[in-house]
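need a structure here:
(chains A and B)
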Amino acid sequence: KQEVTQIPAALSVPEGENLVLNCSFTDSAIYNLQWFRQDPGKGLTSLLLIQSSQREQTSGRLNASLDKSSGRSTLYIAASQPGDSATYLCAVIDNQGGKLIFGQGTELSVKP
Amino acid sequence: GAGVSQSPSNKVTEKGKDVELRCDPISGHTALYWYRQSLGQGLEFLIYFQGNSAPDKSGLPSDRFSAERTGGSVSTLTIQRTQQEDSAVYLCASSLDRGGYIQYFGAGTRLSVL
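Model (predicted):
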């Protein structure tokens, strides 16, 4: 059974710092991996999607990497801003290509 | 529509009552998913629909939960004889197709069972 783990559970950093969020999964037979952002009381916003054949994806200040063989992904946020404060969720789709399996999330707080 | 729409945004009900939650996916998206987010369990998959295929119901927690998707568009999640442990945020998502496509989420329905 696929399990997704995110470390750390919470992170507080001063504005301007670069930071890395970690995600690991137990079964490397994944179809793709998605990173999401969730603001309090809101739904999920997709940040990046990495196909299983890809190594990384970039969008603005965000860069996500995928090492399928070791079951790991990282989300790198450059020059963090208070507006980046949210919960970041990692999720994988298995080779059946359907449902997302989520980690518990990392709650990020960026202090001005 | 512009995004995934869910209604109601909040629902308060009494234990034992039935509730219906609605999801209107992005136009043209063939795949539709229901997830549940609760404090103790995080985000968990419930059910998904793909075109005319039989739905994947493997995540439904009990036979009190059911869902349908009419005409390949709007979906309704029904919870019968609600229990307090059903209290959660129910999220709907849609994607262009199953597999390698981004899933777009609605804002969710917050269900509170008293």
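
wait, what's in contact with the residue of chain B found nearest chain A?
Across chain B, no residue is closer to chain A than residue B:99, which sits at 3.3 Å (CB to the nearest CB). All C-beta spots, glycine's among them, are computed from the backbone N, C-alpha and C. Residues in contact with residue B:99 (CB atoms under 8 Å, 6 or more residues apart in numbering or on different chains) are A:31, A:32, A:93, A:97, A:98.

likewise for residue B:104?
So residue B:104 contacts A:46, B:3, B:4, B:26, B:29, B:93, B:94, B:95 (CB under 8 Å, 6+ apart).

quick one, what contacts the third one?
Listed by CB under 8 Å, 6+ apart, the contact set of residue B:4 reads A:43, B:23, B:24, B:25, B:26, B:92, B:93, B:94, B:104, B:105, B:106.

do you know the pLDDT at the fourth one?
The reference is to residue B:25. Predicted confidence (pLDDT) for residue B:25: 95.

that one touches residue B:73, doesn't it?
Yes - counting by CB atoms under 8 Å, residue B:73 is a contact partner of residue B:25 at 6.7 Å.

which one of the two has more residues nearby?
More neighbours surround residue B:25 than the other of residue B:25 and residue B:73, with 27 against 14 (other CB atoms under 10 Å in any protein chain shown).

next up, the contacts around the more buried one.
With contacts defined as CB under 8 Å, 6+ apart, the neighbours of residue B:25 are B:4, B:32, B:73, B:74, B:75, B:92, B:94.

ok, and the closest non-adjacent residue to the first one?
Sequence neighbours aside, residue B:106 is the residue nearest to residue B:4 in space, at 3.7 Å (criterion: CB to CB, 6 or more residues apart in numbering or on different chains).

burial count for that neighbour?
23.

and residue A:78, by the same measure?
When neighbours are defined as other CB under 10 Å, residue A:78 has 12 of them.

what score does it have for pLDDT?
At residue A:78 the predicted local distance difference test score is 98.

ok, residue B:98 next?
Model confidence at residue B:98, given as pLDDT, is 78.

repeat for residue A:41
Here, the pLDDT recorded for residue A:41 equals 81.

next up, phi/psi of it, please.
When read as degrees, to the nearest 10, the backbone of residue A:41 gives phi 70, psi 10.

tell me the secondary structure for the residue nearest to residue B:25 when sequence neighbours are not counted?
Using CB to CB, 6+ apart and skipping the chain neighbours, the partner closest in space to residue B:25 is residue B:94 (3.4 Å). Under DSSP: H, G, I helix; E, B strand; the rest coil, the three-state class of residue B:94 is strand.

wait, residue B:94 touches residue B:28, no?
No - distance between residue B:94 and residue B:28: 9.2 Å, which falls outside the contact criterion (CB under 8 Å).

neighbour count winner among the two?
Between residue B:94 and residue B:28, counted using other CB under 10 Å, the more crowded position is residue B:94 (27 against 8).

need the residues of chain B near chain A, please.
Within chain B, the positions near chain A by CB under 8 Å from any CB of the partner chain are B:4, B:31, B:33, B:35, B:42-45, B:48, B:50, B:56, B:59, B:91, B:93, B:98-100, B:102-108.
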